[in-house]
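# Let's see this in three dimensions:
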Amino acid sequence: MKNLRLIIALSFILVIATASQTGDACETQDDCPSLHSCTDNICVHKKLFPITAREVIGTIIILVMNALLTAGGVGGGAAYVPYIMLLFEVVLTKSIAYAYVCVFGGGIGNMINAIFLKSPRTKRYLCNYDMNLVILPALMVGVMIGLILQRIFPPLVTNIILLIVLAYSMYKNYMKLKVTLKKEKHEKAQALTHHNVKAVEMAKQQPVEIQPTHTETALQAKEQEEAEIIPGIEEYDVEHEQDQAQAPKTEGDNDEELAKIKSEESNRNQAVMTHETPRETPKETGKLLALPTQEDPLTKRRHEIEQQELKFPWLKFALLFINIAIIIVVGIIRGTKKFSPVVGVDWSCGWDFLWFGLGIVFYSLAAVLNIYLVNKWQQEKVRVKYEFLPEEPLLDMRRIIILLIVSVAAGIVGAIVALGGALIIAPSLLDFGMPPVSAAATTGMFLIFSMFNAMFGAILNKGVTGAEIAWFLPLAILFSFVSAKAVMWYVKKTGKQSVILLILIAVIFLGFGCVIYNLINGMVENSHQQTTFTGVC
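Predicted coordinates:
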């Protein structure tokens, strides 16, 4: 993390003297900032290719930050949108489009690691698909609304919203970090105590070998020497010899003693036969014991549900992918100002809002269907007294309503400032008691769908080119795959899930500072542009 801060600081030094001035008048190349050219007396940003060394360094910094955030299950494009503006000398809308591609690619890389990942303790999938079914349609409704607001809001409003989101996320993750660190410290102390107790018990169970004293060793050596000299000598019982010497040597006494010994032996044999000889089990009794016991129907159903939870939920996964189909179909039919609708209708603001409204209706219907199914599955678990684990907390109607409200808000804010919505939703999952690693896997799943919608919209609006997607997307997948695998390996090895929260807090904190710098710099250079609202269409 120190190295990352150093790289970012050096990058700031390189670019702090310049700011994006695309569209400004110019006479020579010197009038335009770096990565721009003076074309027809206007400063125009260069195309991505041929790529420069500065853009390569900027790409590495951005993708490292993106990989760390997606490893924590948070898209966090908002955290590094300011870095994109500074490193690539692009305007806010362009930097947001780049962030869409990076977050989407990062989500894919994270999903490849997490989709089939199970908890080593409970053997349950870390990704909670029931939560995703509730969150995703509501998130998409918020994204549709947020895309409209993004057109209207000036950079000042966008940056203020961004600061609020980052501050909220830092606070919630910091509070969860304190609890997680305390829990990990307690578990470590318990494990150490258990290890010490077990070591003491094992030491008690081991036989202690008593070493003979010097005197005993000398006597044993002397006896061995005598036995070798007189090989025919036999040991005898001294006490038995003394008893025989003291006892009278009469025949009557011998007969009585012999009869007594025989009587004792007879009684002993009878007792052994009575108490130790196994009894023969009747055939009828054996048949009764062989019959299987009747299992309670509720217990049987609970066992069936537990076995289902160990299998991959293909049905739930397929329901999530239906959202992708809705995104593509609605986007192609609706079209944009720069991408004509495929149905042959001329694009207009009214046509655009019609399909925005229909998209919200489609996702609302999907949300109702998903909530019905999830509530049905949850009620069935409650009926059979299913044990809800931290990875899969109970989703009663109160929690479902909370998720719906938070998801719509996250979608609105996410579309405005290039978030996957996870920065807002993840703290709610942690409040439900989910471990950080499970919350990261869960948010990483819907991150893909929400960012695909945003990226697809940027493509239709020609906010990002095919060459830019071809550059950022594969690299984002690779960086995030490696980073997520490394983080999961570390968590599995050490058991410290707090590392995920530490990564989130560190990167978000850096982004928070960068947003403040960018906001001040923008207001100083062009306050009018920073505060002017634009039209909806």
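# So in the chain, which helix runs the longest?
helix 155-205 (DSSP state H).
# model confidence over that helix, on average?
Helix 155-205 shows a mean pLDDT of 78.
# elements contacting that helix?
Packed against helix 155-205 by the contact rule (3 or more CB pairs under 8 Å, 6 or more residues apart in numbering; DSSP states H and E) you find helix 77-88, helix 397-417, helix 422-431, helix 498-525, helix 527-531. All C-beta spots, glycine's among them, are computed from the backbone N, C-alpha and C.
# The third one - contacts with which helices or strands?
In terms of contacts (3+ CB pairs under 8 Å, 6+ apart), helix 422-431 is packed against helix 129-152, helix 155-205, helix 397-417, helix 436-460.
# And the second one, by the same measure?
If you count contacts as 3+ CB pairs under 8 Å, 6+ apart, helix 397-417 packs onto helix 77-88, helix 129-152, helix 155-205, helix 349-383, helix 422-431, helix 436-460.
# ok, now with 7 Å
helix 129-152, helix 155-205, helix 349-383, helix 422-431, helix 436-460 (3 or more CB pairs under 7 Å, 6 or more residues apart in numbering; DSSP states H and E).
# Would you format those as CSV with distance to Val330 included?
Output for those, formatted as CSV (distance: least, CB to CB, whole Å):
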stretch, distance to Val330
helix 129-152, 9
helix 155-205, 25
helix 349-383, 5
helix 422-431, 23
helix 436-460, 9
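# Just put those helices in CSV and tack on distance to Val491 and mean neighbour count.
CSV is the format used below for the helices and strands packed on helix 397-417 (distance: least, CB to CB, whole Å; neighbours: other CB atoms under 10 Å):
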stretch, distance to Val491, mean neighbour count
helix 129-152, 20, 24
helix 155-205, 11, 14
helix 349-383, 27, 15
helix 422-431, 15, 25
helix 436-460, 6, 26
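# Out of those, flag the one nearest Glu392.
Glu392 lies closest, by CB to CB, to one member of the helices and strands packed on helix 397-417: helix 129-152, at 7.2 Å.
# and the direction of the closest one versus that of helix 422-431, what angle?
150 degrees (axes from the mean of the first three to the mean of the last three CA atoms, to 10 degrees).
# can you give me the mean pLDDT across helix 129-152?
86.
# re the thing from before, export the helices and strands packed on helix 422-431 to JSON lines and append columns for distance to Pro390.
Below are these laid out as JSON lines (distance: least, CB to CB, whole Å):
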{"stretch": "helix 129-152", "distance to Pro390": "13"}
{"stretch": "helix 155-205", "distance to Pro390": "11"}
{"stretch": "helix 397-417", "distance to Pro390": "14"}
{"stretch": "helix 436-460", "distance to Pro390": "7"}
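# Go through the ones you listed and name the closest to Tyr100.
Using CB to CB, the helices and strands packed on helix 422-431 put helix 436-460 closest to Tyr100, at 4.2 Å.
# How far off centre is that closest one?
Centroid separation between helix 436-460 and its chain, computed with CA atoms, centre = their mean, to the nearest Å, is 14 Å.
# before we move on, the earlier item: out of the helices and strands packed on helix 422-431, the one nearest His36 is which?
helix 155-205 (19.0 Å).
# if we can go back for a sec, and Gln29, which of the helices and strands packed on helix 422-431 is closest to it?
helix 155-205 (26.7 Å).
# got the angle between the closest one and helix 129-152?
Using the same axes, to 10 degrees, helix 155-205 lies at 160 degrees relative to helix 129-152.
# what's the angle between helix 155-205 and helix 498-525?
Using the same axes, to 10 degrees: helix 155-205 against helix 498-525 is 160 degrees.
# Of all the helices and strands packed on helix 397-417, which one comes closest to Asn110?
helix 436-460 (4.4 Å).
# deepest of the helices and strands packed on helix 155-205, which one?
Neighbour counts (mean count of other CB atoms under 10 Å) averaged over each of the helices and strands packed on helix 155-205 peak at helix 77-88, with a mean of 26.
# Report all helices and strands that the following helix or strand past it contacts.
Next along the chain after helix 77-88, taking DSSP states H and E as the criterion, comes helix 92-114. For helix 92-114, the elements it packs on are helix 53-71, helix 77-88, helix 436-460, helix 466-494, judged by 3+ CB pairs under 7 Å, 6+ apart.
# Specify the angle between helix 92-114 and helix 422-431 in degrees.
40 degrees.
# Export only the CA atoms of helix 92-114, formatted as CSV.
Provided in CSV are the C-alpha atoms of helix 92-114 (Å, rounded to 0.1, in the frame of the first residue of the first chain):
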residue,chain,number,x,y,z
LEU,A,92,-15.3,14.0,-16.4
THR,A,93,-17.7,12.3,-18.7
LYS,A,94,-14.9,10.5,-20.5
SER,A,95,-13.2,9.4,-17.3
ILE,A,96,-16.6,8.0,-16.1
ALA,A,97,-16.9,6.0,-19.4
TYR,A,98,-13.3,4.6,-18.8
ALA,A,99,-14.3,3.7,-15.3
TYR,A,100,-17.4,1.8,-16.5
VAL,A,101,-15.1,-0.4,-18.7
CYS,A,102,-12.5,-0.9,-15.9
VAL,A,103,-15.2,-1.8,-13.3
PHE,A,104,-17.0,-4.2,-15.6
GLY,A,105,-13.7,-6.0,-16.5
GLY,A,106,-12.7,-6.0,-12.8
GLY,A,107,-16.1,-7.6,-11.9
ILE,A,108,-15.5,-10.4,-14.4
GLY,A,109,-12.1,-11.1,-13.1
ASN,A,110,-13.4,-11.2,-9.5
MET,A,111,-16.4,-13.3,-10.5
ILE,A,112,-14.1,-16.0,-12.1
ASN,A,113,-12.6,-16.4,-8.7
ALA,A,114,-15.7,-16.1,-6.5
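# Appreciated, that's everything.
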